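Peer 1: Everything below, folded, please.
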Amino acid sequence: MTQASEKNLDIMKSFAESYAKRTDTYFCVDPGVTAVVLEGLAKNKEDLGAALCPCRHYEDKVAEVKATYWNCPCVPMRERKECHCMLFLTPDNDFAGDSQSITVEEIRTLTAS
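Peer 2: You can find the predicted model right below:
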């Protein structure tokens, strides 16, 4: 699998940081989880035109993008602060870290393999 472009990765990183601050949520304590999810969102944005949740299986990704339910932030996140990907975690979640930021360099390093 090829990596997402620098442009789309930066867009998704900036979105995630801003959204985490706005919703008082935090990235996973394991930065590898955050990196993989952001890479997947950026790649889906590149390939499908929307940041479709990369943590689910879809029979038809194009149809799912059009339905918008699983486009990040997905409906469960917007309505109940439930992020299946563990990208946006409430402070009381056992897996929540204390960070709302990550660098593109960290993402690239953590997803290089």
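
Peer 1: buried residues in stretch 30-40?
Peer 2: Neighbour-count burial for stretch 30-40, counted by 16 or more other C-beta atoms under 10 Å, picks out P31, V33, T34, A35, V36, V37, L38, E39, G40. Every residue, glycine included, has its C-beta placed from N, CA and C.

Peer 1: wait, stretch 77-92
Peer 2: Result for stretch 77-92 [16+ other C-beta under 10 Å]: buried residues M77, C83, C85, M86, L87, F88, L89.

Peer 1: ok, those residues vs C55, which is closest?
Peer 2: Nearest to C55 among the buried residues of stretch 77-92, counting by C-beta to C-beta, is C85 at 4.2 Å.

Peer 1: For the chain, just list every one of the helices.
Peer 2: For the chain, the helices defined by DSSP state H occupy 6-23, 31-48, 61-67, 75-80, 104-111.

Peer 1: Residues in contact with the last one: which ones?
Peer 2: Contacts of helix 104-111 with the rest of the structure, by C-beta atoms under 8 Å, 6 or more residues apart in numbering, involve Q3, E6, L9, D10, K13, P31, G32, T34, A35, V36, L38, E39.

Peer 1: repeat for stretch 40-47
Peer 2: Stretch 40-47 is contacted from outside by 1-5, 8-9, 11-12, 16, 50-55, 61, 72, using C-beta under 8 Å, 6+ apart.

Peer 1: can you rerun that using 6 Å?
Peer 2: The contact list for stretch 40-47 (C-beta atoms under 6 Å, 6 or more residues apart in numbering) reads A4, S5, N8, L9, M12, A51, L52, P54, C72.

Peer 1: Just the buried residues out of those, in ChimeraX syntax.
Peer 2: To isolate the buried ones among the contacts of stretch 40-47 in ChimeraX, judged by 16+ other C-beta under 10 Å, type:
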select :4,8,9,12,51,52,54,72
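
Peer 1: which intervals of this protein have sub-threshold pLDDT?
Peer 2: Filtered on pLDDT under 70, the chain yields the residue ranges 1.
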